[in-house]
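In: need coordinates for the following:
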Amino acid sequence: RIQRKIRQYLMNKHKKQLEYELEQQKLKERELQIYNDNIKQYRKNIIDNLHLNTPIKILNRLGKMLYQNYTVEADSIDVNDTKRLRNAVLKYQTQTILQEGITELYVTYGEGERAYFQELQEKARQEKRDYFHMLPNDISGYLDLQIYLWVIYGNGRECICELEIKKIPGQQSINWLKSRLIRERGHGIKLGWNPKMFIEFRGICLHKQGKPGFSIRDIKILPNNETEAEVKNLLDNEYTCAGNLDEFGFATSIYVLNRTLVADDELYDLGVLNVRPWMNKRLLKHMKTYNLSESDIMRMREIFEGLTKKRGDATIRVKSLLDKIKQPKTKVVEWVIDAINPTRDYELYFHEYVHLVCYYPMLSSKELTKFLYGCMDEEKNRFLKKDQFLKFMEYLAEGGLQNPLSWQVQFKNFQHKQLGYFFLEDFEKFVLKNPTTIFRAQELQRFFMRLNLGEAYWEKKMNQFRIIREDMGILLVT
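Out: Model (predicted):
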């Protein structure tokens, strides 16, 4: 009887497994069918919008668009455009750039301390841990006090962007100075100091303070009696003087290497925009961030005025914009609008409109995936629970033909096995397996592009930024 029950249990288990596999197969077939239907509808909409009558014209138009979009080379970018693009990347897009440079500072005083610290770093190197590199040249110069500056090279938000040399607050205990290290680090400032010295090196991590900036990639210590040729060589190689230690009694100077910016006044010609009543600092910042010309802004202004109730209105209603692109108001649309932090609810000023139609269409698929996940994670837990995931799928399918049920049933396949939560990495894998998940969000990008300057314009601009970043050897945060 026991054997009979065991056989019955195994048969039922096998039957349930077959039923589950059959159900999964049906879901995949259904999802594929829905995806194909969406693609057919999308292609039909393109044809309707372009008013094309024959397949030959369609192929010709698509061929021209592809050729224009993907044949942009660095040599074809205008010289002035190149300078503006570089400045935009260096000054306004630093938060998305993977910073690489110096992350820590340390100072040793005397030959014995230097030798001991060198042994510790050699051990750390052999154990494949982060370790300090000693910079050549004694900070004290001809005094020969054997004072050396040590640095760690790394990447990320911990990189130091500015270097200052200041006196250490006097008449303080060693314990107070050590606790001060922790306090300053909490404010995004890393100190390189030694109890035997009266000066300190202050490395400021601008990104930890929420400010833009570029990391310091190298530091040079130069005696003040060096020849002018040596100093000129450093300056020609983009080094800048961070401080002269003469005032502290040391005959040396500190030079740092980080990217420099061209003065804005030399790059941008605003023409008649300065006299326009709607021109302001925020709009000027968006022009510089996305390298928009005077004509680009004027064309956007024409679209904006066409959406106003009457000529001369300072704002447009979000509903008017959505009606123009024939899109319903969904949760994703709310996230996209809220991201620019508009002054009025459901209304946009012109500078806010420009911000909206520039930042959102230029998000790559990976950036869009992060954006959507971050908006859903309102509590900033960096994970979603099952009920949040189910709601998330409903939001992504809202306004489209896709049934979110085919996505919702896959939660257990992508959730964290031990914790049962849905992390960003899980969502990225989910999107790779189910590309239609972000189809509606990408469709909204295309509608914004078509309404403002056209898809070819934005594709070309994104390609230009990609080329400039590659030419400068810049990597983006992944």
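
In: so how far is Lys220 from Glu19?
Out: Distance, Glu19 to Lys220, using CB to CB, to the nearest Å: 71 Å. For the C-beta atoms, the positions are set from N, CA and C on the backbone; glycine is no exception.

In: those two - which one has more neighbours?
Out: A count of neighbours by other CB atoms under 10 Å puts Lys220 above the other of Glu19 and Lys220, at 18 against 10.

In: residue ranges with poor pLDDT in this protein?
Out: Regions of the chain meeting the criterion pLDDT under 70 cover residues 27, 31-32, 34-36, 38-80, 90-98, 227, 260-269, 271, 310-313, 472-478.

In: in it, which spans are strands?
Out: Ranges of strands in the chain, per DSSP state E, are 100-109, 133-134, 147-155, 162-167, 189-192, 199-204, 218-223, 239-244, 252-257, 315-317, 347-349.

In: check which helices and strands the shortest one sits against.
Out: By that I understand strand 133-134. Here strand 133-134 touches helix 111-126, strand 147-155, going by 3 or more CB pairs under 8 Å, 6 or more residues apart in numbering; DSSP states H and E.

In: Leu390: which of the ones you listed is closest?
Out: strand 147-155 (36.9 Å; CB to CB).

In: what is that closest one packed up against?
Out: strand 100-109, helix 111-126, strand 133-134, strand 218-223.

In: count of residues packed around Lys417?
Out: 6.

In: rewinding a little: among the helices and strands packed on strand 133-134, which is the most enclosed?
Out: Highest mean neighbour count of the helices and strands packed on strand 133-134: strand 147-155, a mean of 19 (counted as mean count of other CB atoms under 10 Å).

In: strand partners (parallel or antiparallel) of that one?
Out: Applying DSSP bridges to the sheet, strand 147-155 is found paired with strand 100-109 (antiparallel), strand 133-134 (antiparallel).

In: so it versus strand 218-223, what angle?
Out: Orientation check (axes from the mean of the first three to the mean of the last three CA atoms, to 10 degrees): strand 147-155 against strand 218-223 gives 160 degrees.

In: which residues are contacting strand 147-155?
Out: 98-109, 114, 117, 121, 130-135, 138-140, 192, 194, 197, 201, 219, 221 (CB atoms under 8 Å, 6 or more residues apart in numbering).

In: can I get that strand as PDB, trimmed to CA atoms?
Out: Extracted in PDB, the C-alpha atoms of strand 147-155 (Å, rounded to 0.1, in the frame of the first residue of the first chain):
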ATOM      1  CA  ILE A 147      57.600  63.600   3.300                       C
ATOM      2  CA  TYR A 148      55.700  61.700   0.600                       C
ATOM      3  CA  LEU A 149      52.200  61.800  -0.700                       C
ATOM      4  CA  TRP A 150      50.500  58.400  -1.400                       C
ATOM      5  CA  VAL A 151      47.400  57.800  -3.500                       C
ATOM      6  CA  ILE A 152      45.000  55.000  -4.500                       C
ATOM      7  CA  TYR A 153      43.700  54.900  -8.100                       C
ATOM      8  CA  GLY A 154      40.100  53.700  -8.700                       C
ATOM      9  CA  ASN A 155      36.800  54.700 -10.200                       C
END
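
In: use 612 as the first number for this chain going forward.
Out: In the new numbering, first residue 612, that becomes strand 758-766.

In: any idea what Lys777 is bridged to?
Out: Beta-bridge partners, per DSSP bridges, of Lys777: Glu811.

In: mind checking how far it is from Ile865?
Out: Distance from Lys777 to Ile865, by CB to CB: 12 Å.

In: swap in Leu1043?
Out: Applying CB to CB to Leu1043 and Ile865 gives a distance of 47 Å.

In: okay, the two: which has more neighbours?
Out: Ile865 (23 against 11).

In: switch the helices and strands packed on strand 744-745 over to CSV; also include distance to Lys616.
Out: Below are the helices and strands packed on strand 744-745 laid out as CSV (distance: least, CB to CB, whole Å):
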stretch, distance to Lys616
helix 722-737, 61
strand 758-766, 61
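
In: please name whichever of these is nearest to Glu1066.
Out: strand 758-766 (34.3 Å).

In: report the angle between that closest one and strand 863-868.
Out: Using the same axes, to 10 degrees: strand 758-766 against strand 863-868 is 10 degrees.

In: so what's the residue count around Asp949?
Out: Neighbour tally, Asp949, other CB under 10 Å: 11.

In: ok, Gln782 next?
Out: When neighbours are counted by other CB under 10 Å, Gln782 registers 5.

In: same check, this time on Val929
Out: Going by other CB under 10 Å, the residues that sit close to Val929 add up to 21.

In: find the nearest non-adjacent residue to it, please.
Out: Distances taken as CB to CB, 6 or more residues apart in numbering place Tyr957 nearest to Val929, at 4.9 Å, with adjacent residues excluded.

In: was I right to think that neighbour contacts Ser931?
Out: No. If you go by CB atoms under 8 Å, Tyr957 and Ser931 don't touch, sitting 10.1 Å apart.
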